[in-house]
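Engineer: Need a 3D model of the sequence below.
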Amino acid sequence: MNTPHRSEPPVAVALSAIPGFDPRKVPVTQVDAHLPSVNAAALTATALRQRFANPPVWAPEVVLEKPYANRAPAQAAVLVGIVQREQPMVLLTERTAHLSTHSGQVAFPGGRTDPEDASPSHTALREAHEEVGLAAAYAEVLGVLPTYVTGSSFIISPVVALVAPDFELQPNPHEVADVFEVPLAFLMNPAHHRHHVFEAGGIHRQWFSMPYDDGGQHRFIWGATAGMLRNLYRFLSA
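Structural biologist: Got it, this is the predicted structure:
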């Protein structure tokens, strides 16, 4: 799914504003089981450090969602935290249902850039601390993936970091309904990458999803979060 790099005319509403819209019910058009998974040896802390220190020639697959709002672009950053357990895990949140944007969705910790933030890494670490209580001392920043522009005009810098596993979290109940982890190997296996296309009332959207069964709890990773994970897959498999 190659998302265009040019701007497109905004559509009247966001998908979340469509009555009864549920991304889980949108048909799957393709599953990428034909693509190779990232080898486990490439997901170790040493290998990840080397990959970011000496990046390959590669191109992100998803960079620009179709815009749906006439609003000024806003810089933001998220923390793609890879927790260094026996099996590397990716730290994710479920946003609370009352938030004005992306309520109830699976997301990385992160948010809008403040004027005093010195870099995307500073934004991501500050926001991760504010949202889930992750202290910056537990995170070793490896690098930043190419920006991802959402349909709501957020220009997101995905900051990838190794996270020491002995952290303690204190989620902000106003923003975060839950914090959980998904195996990095699962997310870097395209057999779990599903394509969706939604068309109705003149609206056309396409996105990835990566559903994960978390001990019987269904974690539906889709949209921008899945798109940034897909770019991480392209980076690690290049």
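Engineer: any weak-confidence spans in this structure?
Structural biologist: 1-13, 98-104 (pLDDT under 70).
Engineer: How about the contacts made by S209?
Structural biologist: The contact partners of S209, by Cβ atoms under 8 Å, 6 or more residues apart in numbering, come to 23, 28, 193-194, 196, 220-222, 226. Heads up, the C-betas are built off the backbone N, CA and C, glycines and all.
Engineer: Which PyMOL command selects the buried ones in those?
Structural biologist: With 16 or more other Cβ atoms under 10 Å as the criterion, this PyMOL line picks the buried residues out of those:
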select buried, resi 23+193+194+196+220+221+222+226
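Engineer: out of the contacts of S209, which are inside helices?
Structural biologist: A226 (DSSP state H).
Engineer: Could you save the contacts of S209 as TSV and add columns showing distance to R95?
Structural biologist: Shown next, in TSV, are the contacts of S209 (distance: Cβ to Cβ, whole Å):
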residue	distance to R95
P23	14
V28	24
H193	22
R194	21
H196	20
F220	12
I221	12
W222	13
A226	15
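Engineer: ok, the contacts of S209 vs T96, which is closest?
Structural biologist: F220 (15.9 Å; Cβ to Cβ).
Engineer: Would you check how far apart that closest one and H193 are?
Structural biologist: 13 Å (Cβ to Cβ, to the nearest Å).
Engineer: ok so L125 is a strand residue?
Structural biologist: No: assessed with DSSP: H, G, I helix; E, B strand; the rest coil, L125 is helix; it does not lie in a strand.
Engineer: How about stretch 186-203, which residues are buried there?
Structural biologist: 186-190, 192-194, 196, 198, 203.
Engineer: Can I get the residues you listed in JSON lines including distance to F52?
Structural biologist: Below are these laid out as JSON lines (distance: Cβ to Cβ, whole Å):
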{"residue": "F186", "distance to F52": "21"}
{"residue": "L187", "distance to F52": "17"}
{"residue": "M188", "distance to F52": "15"}
{"residue": "N189", "distance to F52": "21"}
{"residue": "P190", "distance to F52": "21"}
{"residue": "H192", "distance to F52": "23"}
{"residue": "H193", "distance to F52": "22"}
{"residue": "R194", "distance to F52": "27"}
{"residue": "H196", "distance to F52": "30"}
{"residue": "F198", "distance to F52": "34"}
{"residue": "I203", "distance to F52": "37"}
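Engineer: Show me which of those residues is closest to E86.
Structural biologist: F186 (14.6 Å).
Engineer: And the helices in the chain?
Structural biologist: Using DSSP H, helices in the chain cover 45-53, 120-132, 184-187, 223-237.
Engineer: In JSON lines: the ones you listed, plus distance to E86.
Structural biologist: JSON lines is the format used below for the helices of the chain (distance: least, Cβ to Cβ, whole Å):
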{"stretch": "helix 45-53", "distance to E86": "12"}
{"stretch": "helix 120-132", "distance to E86": "22"}
{"stretch": "helix 184-187", "distance to E86": "12"}
{"stretch": "helix 223-237", "distance to E86": "19"}
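Engineer: closest to Q84 out of those helices?
Structural biologist: Of these, nearest to Q84 by Cβ to Cβ is helix 45-53, at 5.8 Å.
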